[in-house]
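K.L.:
Model the following, please.
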Amino acid sequence: MEYAEHVRIVDAALESFAANLDADELRASTTNDVSTQSTDRESAAAFAITIASVNFGSGYFPELRKRGQRSGYRTIESFLQDRFNTYGPFSVAELGAMDSKSCAELFQQDLTNPHVAELMAHFADAFRDLGEWLDLRGGSYAGAVDAANAQARTLVRGLIEMPLFQDVSNYRDRVIPFFKRAQLCVADLHVAGFPFTDIDRLTLFADNLVAHVLRMDGVLEYTPRLVARIERGELIPHGSAEEVEIRAAEVIAAERIAGCVEPTIQPRELDAWLWQRGGQARYKARPRHRTRCVYY
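P.N.:
So this is what the prediction gives:
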């Protein structure tokens, strides 16, 4: 964060925050509780990889037709789970046939809303990319995971072959790889029963909710101008200095927090706990930054 102009890590607040964390409570958190519901390896792998493929669009979520009191993510997740419960995983052919209309039908969304239509088009691209990726690996979700030989970094590298997983930003002539969804997919698979020997090399999964929690808890501090833009509901463009600094700061802060907790925890465990914490009323009462992109 040496060159950051819009976001900073508050050292004293970070140390205080870390000192009050309970490692056992953190470890009890999971990355994706739904992905653990199936005992069939193929179905478990299929759901984890499929939800990861469309686990983005938080900048569009205020426009989504929500399901009951669910959040945007939980809305998408629940409709996808319904599909799996009724018909099972998507085949390669089904993924390849997805378009905006079929995505809108699957997630019960209104294509007359241009922002929703844009998100459904992105979802269709993601599904078709997944179909091509899966076809190259023999059509088996579990087989694609097994081919990584229990190496998280190998599977991440495989997943980022899909264009919408290539979560990389440029900042001051530097390339900043976040790979949020690819890493989260691996973490979900690990929870679902696919062990990875290097799972602890994963970073925090940089998005807008975890950063919001860290800001609300004083660990991150934004400039007044950036706060005002977020409070007004102004979109923060993907790849802008402000957006990259927010995501980089949460990753760095998580590494430091995890290193302060005794016994040691991993950033992925902290991420799950922070993400769940973000569902509390006091965090939902204040706007978090919104960015329309395909990475979170």
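
K.L.:
Only the C-alpha atoms, please, for the longest helix anywhere in the chain, written as PDB.
P.N.:
Using DSSP state H, we find that the single longest helix of the chain is helix 114-135. This file holds the C-alpha atoms of helix 114-135, laid out as PDB (Å, rounded to 0.1, in the frame of the first residue of the first chain):
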ATOM      1  CA  PRO A 114     -31.100  -2.900 -19.200                       C
ATOM      2  CA  HIS A 115     -28.800  -3.500 -16.300                       C
ATOM      3  CA  VAL A 116     -30.300  -6.900 -15.500                       C
ATOM      4  CA  ALA A 117     -30.100  -7.700 -19.200                       C
ATOM      5  CA  GLU A 118     -26.400  -6.800 -19.200                       C
ATOM      6  CA  LEU A 119     -25.800  -9.100 -16.200                       C
ATOM      7  CA  MET A 120     -27.700 -12.000 -17.800                       C
ATOM      8  CA  ALA A 121     -25.600 -11.600 -20.900                       C
ATOM      9  CA  HIS A 122     -22.500 -11.900 -18.800                       C
ATOM     10  CA  PHE A 123     -23.900 -15.000 -17.100                       C
ATOM     11  CA  ALA A 124     -24.600 -16.600 -20.500                       C
ATOM     12  CA  ASP A 125     -21.000 -15.900 -21.500                       C
ATOM     13  CA  ALA A 126     -19.800 -17.500 -18.300                       C
ATOM     14  CA  PHE A 127     -21.900 -20.600 -18.800                       C
ATOM     15  CA  ARG A 128     -20.700 -21.000 -22.400                       C
ATOM     16  CA  ASP A 129     -17.100 -20.500 -21.300                       C
ATOM     17  CA  LEU A 130     -17.600 -23.200 -18.700                       C
ATOM     18  CA  GLY A 131     -19.000 -25.600 -21.300                       C
ATOM     19  CA  GLU A 132     -16.000 -25.200 -23.500                       C
ATOM     20  CA  TRP A 133     -13.600 -25.500 -20.500                       C
ATOM     21  CA  LEU A 134     -15.400 -28.700 -19.300                       C
ATOM     22  CA  ASP A 135     -15.500 -30.200 -22.700                       C
END
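
K.L.:
Mind listing residues that contact that helix?
P.N.:
For helix 114-135, contacts defined as Cβ atoms under 8 Å, 6 or more residues apart in numbering pick out 49-50, 53-54, 56-57, 60, 63-65, 90, 92-96, 98-104, 107, 109-111, 140-141, 144, 158-159, 161-164, 292, 294. Any C-beta I mention is one placed from the backbone N, CA and C, and that applies to glycine too.

K.L.:
in the protein, which helix or strand is least confident?
P.N.:
Every helix and strand of the chain was ranked by mean pLDDT, DSSP states H and E. The lowest is helix 23-27, at a mean of 84.

K.L.:
So which elements touch that helix?
P.N.:
With contacts taken as 3 or more Cβ pairs under 8 Å, 6 or more residues apart in numbering; DSSP states H and E, helix 23-27 sits against helix 267-277.

K.L.:
For the helix it packs on, which helices and strands make contact with it?
P.N.:
helix 23-27, helix 209-216, helix 241-260.

K.L.:
how much does it deviate in direction from helix 241-260?
P.N.:
110 degrees (axes from the mean of the first three to the mean of the last three Cα atoms, to 10 degrees).

K.L.:
and helix 267-277, which residues are buried?
P.N.:
267-275, 277 (16 or more other Cβ atoms under 10 Å).

K.L.:
residues near Ile246, how many?
P.N.:
28 (other Cβ atoms under 10 Å).

K.L.:
confidence score at it?
P.N.:
Looking at Ile246, its pLDDT stands at 98.

K.L.:
How about it: what's its closest non-neighbour residue?
P.N.:
Nearest residue to Ile246, sequence neighbours excluded (Cβ to Cβ, 6 or more residues apart in numbering): Ala211, at 5.0 Å.

K.L.:
likewise Ala13?
P.N.:
Ala13 sits nearest to Gly218 (Cβ to Cβ, 6+ apart), 3.9 Å away.
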